[in-house]
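Peer 1: any chance you can model this:
(one chain, ligands or ions: 1)
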Amino acid sequence: MQIVFVGPPGAGKGTQALRLKDHLGVVHLSTGEMFREAEREDTDLGRQAAEYFRAGALVPDEVVVGIIAERLQQPDCDAGCVFDGFPRTVAQAEALDAMLAEAGRPLDLVLALEVSNDVVSQRLLGRGRVDDTPDTIRERLRQYDQLTRPLLEYYRGQGQLCMIDGTGTESEVFTRVRAAVDAASAAQD
Ligand code: AMP
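Peer 2: Okay, the predicted model is just below:
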């Protein structure tokens, strides 16, 4: 299956995507992780991306779409993918649809984790990552509202959107995620 997680930073996309990856035996694709790894390895991509994410800004669409296009060529992706943090703009979603259509593996489901801005701000401050300062958190939430939230309408229009209550424990949220995925695969059978 090809599944996308959408939600503000701190909504629990990473945690839930990893659990779903184990549950389904698919590949976990996190563009944020790819950028952090590239930064650790001090590659050109890492240095370029770090300028954006340290400021709480989105990395440009061409760069993000480029690394995903390359990653999707690798054979392990044949098992299916859980996308975590990608797409984050409508342009990225359109590019993903085109890439998946070309690969003959259309998107099955989009899971949107709903959590209030107050809760995500608290979670992010507690996480202590280098891009989690109060200023960058505010900026990332602003970017989410402006650039990423429109994705919900895009996917709703395609009939692929499932809203998930992202509050409660990780296990409570995962129970909701699993139910949504099970319902989507039953509907396909
Ligand atoms: P994440 O770990 O998903 O929160 O991503 C960390 C940072 O990487 C984000 O704040 C962005 O600066 C950048 N990033 C990750 N994924 C994307 C994406 N799909 N589009 C643009 N920027 C991204």
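Peer 1: what sits against the residue in the chain positioned nearest to the ligand?
Peer 2: Relative to the ligand, the nearest point of the chain is residue 32 (2.0 Å; Cβ to the nearest ligand atom). Glycine gets a C-beta too; all of them are placed from N, C-alpha and C. Taking Cβ atoms under 8 Å, 6 or more residues apart in numbering, we find residue 32 in contact with 14, 53, 84-85.
Peer 1: out of those, list just those in strands.
Peer 2: In strands, defined here by DSSP state E, the members of the contacts of residue 32 are residue 84.
Peer 1: restrict the contacts of residue 32 to those near the ligand?
Peer 2: Contacts with the ligand within the contacts of residue 32, counted by Cβ under 6 Å from any ligand atom: 53, 85.
Peer 1: so can I have a markdown table of the contacts of residue 32 showing neighbour count and pLDDT?
Peer 2: Listed next are the contacts of residue 32 as a markdown table, based on neighbours: other Cβ atoms under 10 Å; pLDDT from 0 to 100:
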| residue | neighbour count | pLDDT |
| --- | --- | --- |
| 14 | 17 | 96 |
| 53 | 19 | 88 |
| 84 | 24 | 98 |
| 85 | 22 | 97 |
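Peer 1: what is the nearest of the contacts of residue 32 to residue 61?
Peer 2: Nearest to residue 61, judged by Cβ to Cβ, of these is residue 85 at 13.6 Å.
Peer 1: the closest one touches residue 13, doesn't it?
Peer 2: Yes - with contact defined as Cβ atoms under 8 Å, residue 85 counts as touching residue 13 (6.2 Å).
Peer 1: shared neighbours of those two, anything?
Peer 2: Contact criterion Cβ under 8 Å, 6+ apart; residues shared by residue 85 and residue 13: residue 5.
Peer 1: which neighbouring elements make contact with the lengthiest helix in the chain?
Peer 2: Longest helix of the chain, by residue count under DSSP state H: helix 170-188. When contacts are defined as 3 or more Cβ pairs under 8 Å, 6 or more residues apart in numbering; DSSP states H and E, helix 170-188 sits against helix 13-24, strand 109-114, strand 161-165.
Peer 1: if we use 6 Å, what do you get?
Peer 2: helix 13-24 (3 or more Cβ pairs under 6 Å, 6 or more residues apart in numbering; DSSP states H and E).
Peer 1: which residues does the helix it packs on contact?
Peer 2: Around helix 13-24, the neighbours that count as contacts under Cβ atoms under 6 Å, 6 or more residues apart in numbering are 5, 7, 28, 82, 84, 170, 174, 177.
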